[in-house]
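In: have a look at this prediction, sequence included:
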Amino acid sequence: MTSQKKKSQESKATSGAQIGNEAIPDNVALHPNSLPYASNIGAPVIRPDKLSGWKHSAAHCANKNFKERFDKIRTEYEELANEIKWNDIIFNAEVRFKPCIGKVYFLYRKKDKHFMSLFAPNECTYSECFVGAFRLHYDNRWIPINNADIPT
């Protein structure tokens, strides 16, 4: 019985490796010179290089890249939201003609209603109600155009 207890205690402390008939404990390396780390208490301490400088500069560069991408996406979102707003206003405006793709039309506001017109502000009497000029795009989106681009 005592020999069985000794064997069970030895088997608990070993990794299963054996040299001849002797079992090797877990805390002993078979070939300590081939290990990339220290294998005993008396071995010198291995400290990794200080990487905080590299991490700091790499994180700064990554954050700069993310901020640029985020700002680009934000401006695209704002442009899209503005385009949706104008298209919503125009599609809910009163239009008494069928618009042609590529032509410029003029949006006016009278009281609480918007309406589209074929006439530029300098060609009509209700120019004080002028909101903006828009061109119908091929995919039926209304694109705002600058006053300098308005044909006279």
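Out: Noted; the coordinates are in hand. Numbering: from 1, shown residues only.

In: and the pLDDT at Tyr37?
Out: We have a pLDDT of 73 for Tyr37.

In: ok, now how distant is it from Pro44?
Out: Computed with C-beta to C-beta, to the nearest Å, the distance linking Tyr37 and Pro44 is 11 Å. Every residue, glycine included, has its C-beta placed from N, CA and C.

In: can you check His137 too?
Out: Distance from His137 to Pro44, counting by C-beta to C-beta: 72 Å.

In: give me the more crowded residue out of those two.
Out: Of the pair His137 and Pro44, His137 is the one with more neighbours under other C-beta atoms under 10 Å, namely 13 against 6.

In: what ranges of the protein fall below the confidence cut-off?
Out: Applying pLDDT under 70 to the predicted model, the residue ranges of the chain that meet it are 1-21, 27, 147-152.

In: apply 50 and report the result again.
Out: Scanning the chain with the threshold set as pLDDT under 50 gives 10, 12-13.

In: top helix in it by residue count?
Out: Ranked by residue count under DSSP state H, the longest helix found in the chain is helix 52-91.

In: phi, psi of Pro25?
Out: Torsion angles at Pro25 (phi, psi; degrees, to the nearest 10) stand at phi -70, psi 160.

In: can you pull up the bridge partners for it?
Out: Here Pro25 sits in beta bridges with Thr14, going by DSSP bridges.

In: burial measure for it, as a count.
Out: Should you count by other C-beta under 10 Å, Pro25 turns out to have 11 residues around it.

In: can you check Phe91 too?
Out: One way to gauge burial is a neighbour count; for Phe91, by other C-beta under 10 Å, it gives 10.

In: and the gap between it and Leu51?
Out: If you measure Phe91 against Leu51 using C-beta to C-beta, the figure is 57 Å.

In: kindly report the same for Glu68.
Out: Relative to Leu51, Glu68 is positioned 25 Å away (criterion: C-beta to C-beta).

In: Arg141 now?
Out: Plainly put, Arg141 is 51 Å away from Leu51 if you go by C-beta to C-beta.

In: which one's more surrounded, the two?
Out: For the pair Arg141 and Leu51, the greater number of neighbours falls to Arg141 (14 against 9), based on other C-beta under 10 Å.

In: the more buried one: what's it in contact with?
Out: Taking C-beta atoms under 8 Å, 6 or more residues apart in numbering, we find Arg141 in contact with 83, 87.

In: ok, now with 10 Å
Out: 83-84, 86-87, 90, 134-135 (C-beta atoms under 10 Å, 6 or more residues apart in numbering).
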